[in-house]
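Novice: curious how this folds, go ahead:
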Amino acid sequence: HVLPVARTLLRFGYNKANTLIVALLHDVSEDSWMQLSLIERLFGHKNARRVAALSKSYNLEDPISGCATRTSKKPLDVYHETIVAAGRTVGLVKIADRLHNLSDLINPPPGSRWTTEKRENYLRETDTYILPLALKLDPRMAEEMKRLVAEIRANIHVRILQAQLAAPST
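Specialist: Numbers count the residues shown, from 1 in each chain. Here you go, the predicted structure:
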């Protein structure tokens, strides 16, 4: 997933090293036990802070034991406020991340974890938090996001109609 996010940024002309580093690292602390202190040692303080901003929860190193401790998950509104406050690089990475995730939701296979309800919630989050950020930072990315959201909503409606037609009439 991180390579397509970086490629999305490149496609839109964002080729600065730190932007691409953050794109490649944006899920590592949230999805693994890698500690922010290691990211900081390898990629610098600013990039570690950017990765932390993009993570709903992350791992901190206990200075005495060296063990990782997972932070509590940020509430959704706090998470998105943190992204906005963290600046342009973080915002662009989040937008590219959402574009890639949306492309996977257009037509998920039957039995996917992406139920209609989960997809609708994800679209609401996109409309509430990510699309306004995209409109502010890069209208081209916002237009692509609008197109993907419309395509997903159309697919959801088609699936609902197909289910209704397939249901036995009473």
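
Novice: what is the longest helix seen in the chain packed up against?
Specialist: For the chain, the helix with the greatest residue count under DSSP state H is helix 139-166. Helix 139-166 is packed against helix 88-104, helix 116-125, helix 131-137, with contacts defined by 3 or more CB pairs under 8 Å, 6 or more residues apart in numbering; DSSP states H and E. From N, CA and C alone the C-beta is placed, and that goes for glycine too.

Novice: so which of those comes closest to R147?
Specialist: Checking those against R147 by CB to CB gives helix 88-104 as the closest, at 9.4 Å.

Novice: and that closest one, which residues are buried?
Specialist: Residues 89-102 are the ones in helix 88-104 that count as buried (16 or more other CB atoms under 10 Å).

Novice: between those residues, which is nearest S37?
Specialist: Proximity of those to S37, judged by CB to CB, is greatest for V90, which lies at 19.2 Å.

Novice: distance check, that closest one against T19.
Specialist: 9 Å (CB to CB, to the nearest Å).

Novice: tell me how far P75 lies from T82.
Specialist: Applying CB to CB, the value for P75 to T82 is 10 Å.

Novice: er, A6 actually
Specialist: Counting by CB to CB - A6 and T82 are separated by 21 Å.
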